[in-house]
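# sequence? don't have it. structure:
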């Protein structure tokens, strides 16, 4: 597996990346056109987008957006791995490469938002009133089948939550780690 800058991908590889985004996150990018627009936006100057390739095929990709807070904070957005390639360390490798890219640009913090918007919800935050006893719910958080478990294994911690971001009982979980 090689990890390269997505600006080096050919059109058919960008289409593979777009299809992967639609397949992995259909609530955010329902169509290939939506996904390709997102990729185009992500490839804007200031962002760093990396793709994992195996035998010339895109098997995962992710990026960091242009820094905020005087260049100290980067957002991980998005991160996707082809369904049939998961649990091989591809996502971890992409995140580690992006962490290094953020560090090399003076980054101190990497954060992400991870929506719990499926029906039924995947985490212990889903379908509950997060305005009531939030500190207890943060302490007792259970990621279930949600990608938050993956991010926790990489050292990310919950630093906030936006209740009802995607509808009643469907929060956006804000996670971050120090670089």
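Here it is on my side, so go on. None of these values were measured; they are calculated from a predicted model. Numbering: from 1, shown residues only.

# For residue 88, the count of nearby residues, please.
When neighbours are counted by other Cβ atoms under 10 Å, residue 88 registers 16. From N, CA and C alone the C-beta is placed, and that goes for glycine too.

# quick thing: my sequence starts at 49, can you match it?
OK, 49 is where the count begins now, so the last one is residue 136.

# Can you check the pLDDT for it?
Predicted confidence (pLDDT) for residue 136: 98.

# Which parts of the chain are strands?
50-53, 96-102, 105-112, 121-129, 157-163, 205-210, 220-226 (DSSP state E).

# Serialize those strands to a markdown table and add fields for distance to residue 65, mean pLDDT and mean neighbour count.
Formatted as a markdown table, these follow (distance: least, Cβ to Cβ, whole Å; pLDDT from 0 to 100; neighbours: other Cβ atoms under 10 Å):
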| stretch | distance to residue 65 | mean pLDDT | mean neighbour count |
| --- | --- | --- | --- |
| strand 50-53 | 12 | 98 | 14 |
| strand 96-102 | 6 | 99 | 21 |
| strand 105-112 | 5 | 99 | 24 |
| strand 121-129 | 8 | 98 | 22 |
| strand 157-163 | 18 | 98 | 20 |
| strand 205-210 | 27 | 98 | 15 |
| strand 220-226 | 23 | 99 | 19 |
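
# Just tell me which of these ends up closest to residue 64.
Ranking the strands of the chain by proximity to residue 64 (Cβ to Cβ) places strand 105-112 first, at 4.3 Å.
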